[in-house]
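Trainee: give me coordinates for this.
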Amino acid sequence: MSSSDAPRTVTPTGQAPRLLDQVRSLAVAHYGRSEPGERFAGWVLRYVVFHGKRHPHDLGLAEIDQFLEQLAQRENDPLKAIEQAREALTFLYDEVLHVAMAPLPFPTPPKLLDRLRRAIRLRH
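Mentor: Okay, here's the model as predicted:
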C-alpha cells in the first residue's frame, strides 16, 4: 500500500494532520499510552531536521544510515540512542507512511576508548 492509498483523517480545519501528530496518535492507538508516541515524535523530528527538513517519504535507507551513524558518533549513550531511533523510524515507515523498508541498518557504535577520550575532551 502506498502512502497515497493510506487512510487519512482530516482535522477540523480541513487539512490532513501533520506528520508528528500522526506519529503520536497512531502510537497511542497502537500502544495504548502516550509515552511511546512522544518519544517516537522526538526521534522523527531529529531525523527530519538532520536531513534539512525533507519529508521522510523522500528519504531512504541511505539517509537512515547517515542519521544512525551520526547518532553512533555523537550521542553520550550511542547504543540506547540507536535502538530508540531505529524503533521510532521503523514505526514511522511501517505504521505511519506505510512504506516497506528493508531491515534498518545498525551502525557500529564507537569503541569504549574512543568514547572515553571524547568524554575527557568535553570535560577537560
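Trainee: quick one: low-confidence parts of the protein?
Mentor: Scanning the chain with the threshold set as pLDDT under 70 gives 1-16, 109-110, 115, 122.
Trainee: would you map the helices across it?
Mentor: 19-31, 35-50, 61-74, 78-91, 112-123 (DSSP state H).
Trainee: tilt between the longest one and helix 61-74?
Mentor: Right, helix 35-50. Put simply, helix 35-50 runs at 100 degrees to helix 61-74, going by axes from the mean of the first three to the mean of the last three C-alpha atoms, to 10 degrees.
Trainee: only the buried residues of helix 35-50, if you could.
Mentor: By neighbour count, and taking 16 or more other C-beta atoms under 10 Å as the criterion, the buried residues in helix 35-50 are Pro36, Gly37, Arg39, Phe40, Ala41, Trp43, Val44, Arg46, Tyr47, Val48. For glycine as for every other residue, the C-beta is placed from the backbone atoms N, C-alpha and C.
Trainee: list the contacts of the last one.
Mentor: Neighbouring residues of Val48 by C-beta atoms under 8 Å, 6 or more residues apart in numbering: Leu19, Arg54, His55, Pro56.
Trainee: distance check, it against Phe106.
Mentor: Distance, Val48 to Phe106, by C-beta to C-beta, to the nearest Å: 21 Å.
Trainee: could you do the fourth one as well?
Mentor: The gap separating Phe40 from Phe106 is 18 Å, by C-beta to C-beta.
Trainee: repeat that for the second one.
Mentor: Taken as C-beta to C-beta, the spacing of Gly37 relative to Phe106 amounts to 23 Å.
Trainee: any chance of JSON lines for the buried residues of helix 35-50, columns distance to Arg24?
Mentor: Supplementary listing: the buried residues of helix 35-50 in JSON lines, determined by distance: C-beta to C-beta, whole Å:
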{"residue": "Pro36", "distance to Arg24": "9"}
{"residue": "Gly37", "distance to Arg24": "4"}
{"residue": "Arg39", "distance to Arg24": "10"}
{"residue": "Phe40", "distance to Arg24": "8"}
{"residue": "Ala41", "distance to Arg24": "5"}
{"residue": "Trp43", "distance to Arg24": "12"}
{"residue": "Val44", "distance to Arg24": "10"}
{"residue": "Arg46", "distance to Arg24": "15"}
{"residue": "Tyr47", "distance to Arg24": "15"}
{"residue": "Val48", "distance to Arg24": "14"}
